[in-house]
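>>> Turn this into a model:
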Amino acid sequence: MRPDTLLRPEQSPVVQPFGSLAPVRLGLPEASRHHSVAALNRLLAHTTALRDLYRKAHWQTSGPNFYELHTLFEKHYGEQDQLMDVLAERVQTLGGVARALAHDIVEETRLSRAPSGIESAVDQLRRLVDAHEFVLQEARPLAREAAANGDDGSNDLIVGQVVRGNELQSWFVLRHLSAQADESRAP
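This is a model prediction of the structure:
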């Protein structure tokens, strides 16, 4: 296809505008669905940003624990990528439109960005632990709000996959961070 034949955003027909809800029959009030879609899209943006921090760390880690960290970062990247898919599908199930483009993610997430250059393994690990903690602090109240609004499906997703998955990954990363600190103190 020639570049001059590509559709520009202003030329593309939008089937469903972002922020709108399609009719679905889930037994949930529209207000509850709107609230959950906004919350899930925020978590989707944070999860995408966290996934990308893992990819960056995977590509750029170095040092004596290179292989261990390289493998861990790849595993966690894949798990965050799967979580993104589950979050996006829940948004769509509720009749919403999932955030899917890089500029939308950057606008929505408040996760701190990593520098473009290479960081030490310890700094990578610290950044990842901080990111997990941020996601967890965001996710827990959103889960409670979903439950209060009668959206048990979103509550279950947030608690069962976002919270539990990030807690486990944070624990793994923190254990590596502790090991790195112990090695730096060794005589």
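
>>> Who are the contact partners of the one residue sitting closest to the centre of the chain?
The centroid of the chain falls nearest to Thr47 when counting by C-alpha atoms, centre = their mean (0.3 Å). Going by C-beta atoms under 8 Å, 6 or more residues apart in numbering, Thr47 touches Gln80, Leu83, Met84, Leu87, Val135, Val162. No exception for glycine: its C-beta is placed from N, CA and C like everyone else's.

>>> which among the residues you listed gets closest to Thr109?
The nearest member of these to Thr109, counting by C-beta to C-beta, is Val135 at 9.6 Å.

>>> give me every residue that touches Glu167.
Contacts of Glu167 by C-beta under 8 Å, 6+ apart are His132, Leu136.

>>> do you know how far it is from Gln137?
Going from Glu167 to Gln137 by C-beta to C-beta, to the nearest Å gives 12 Å.

>>> what does His76 give?
Where Gln137 is concerned, His76 sits at a distance of 19 Å (C-beta to C-beta).

>>> Then Glu119?
For Glu119 relative to Gln137 (C-beta to C-beta), the value is 23 Å.

>>> neighbour count winner among these two?
Glu119 (17 against 9; other C-beta atoms under 10 Å).

>>> Could you find the closest non-adjacent residue to Leu177?
Leu125 (4.1 Å; C-beta to C-beta, 6 or more residues apart in numbering).

>>> what's the average pLDDT for stretch 174-183?
For stretch 174-183, mean pLDDT is 80.

>>> Contacts for that stretch next, please.
Applying C-beta under 8 Å, 6+ apart, the set of residues contacting stretch 174-183 is Pro64, Asn65, Glu68, Leu69, Leu72, Ala121, Val122, Leu125, Arg126, Val129.

>>> so what's the backbone phi/psi at the first one?
Backbone dihedrals for Pro64, given as degrees, to the nearest 10, come out at phi -60, psi -20.

>>> can you pull the pLDDT of it?
90.

>>> before we move on, what about the fifth one?
The score at Leu72 is 97. That number is its pLDDT.

>>> Low-confidence regions, the chain specifically.
When residues are selected by pLDDT under 70, those of the chain lie in 1-11, 181-187.

>>> Tell me which stretches of it form helices.
30-60, 66-93, 102-108, 121-148, 152-157, 164-185 (DSSP state H).

>>> so of those helices, which one's packed in deepest?
Most buried of the helices of the chain by mean neighbour count (mean count of other C-beta atoms under 10 Å) is helix 30-60; its value is a mean of 21.

>>> now it, how far from the chain's geometric center?
Relative to its chain's centre, helix 30-60 lies at 3 Å (C-alpha atoms, centre = their mean, to the nearest Å).

>>> where's the closest residue to Ser120 other than its chain neighbours relative to Arg126, distance?
Using C-beta to C-beta, 6+ apart and skipping residues adjacent in sequence, the residue nearest Ser120 is Gly63, 7.4 Å away. Remark: distance between Gly63 and Arg126 (C-beta to C-beta) = 14 Å.
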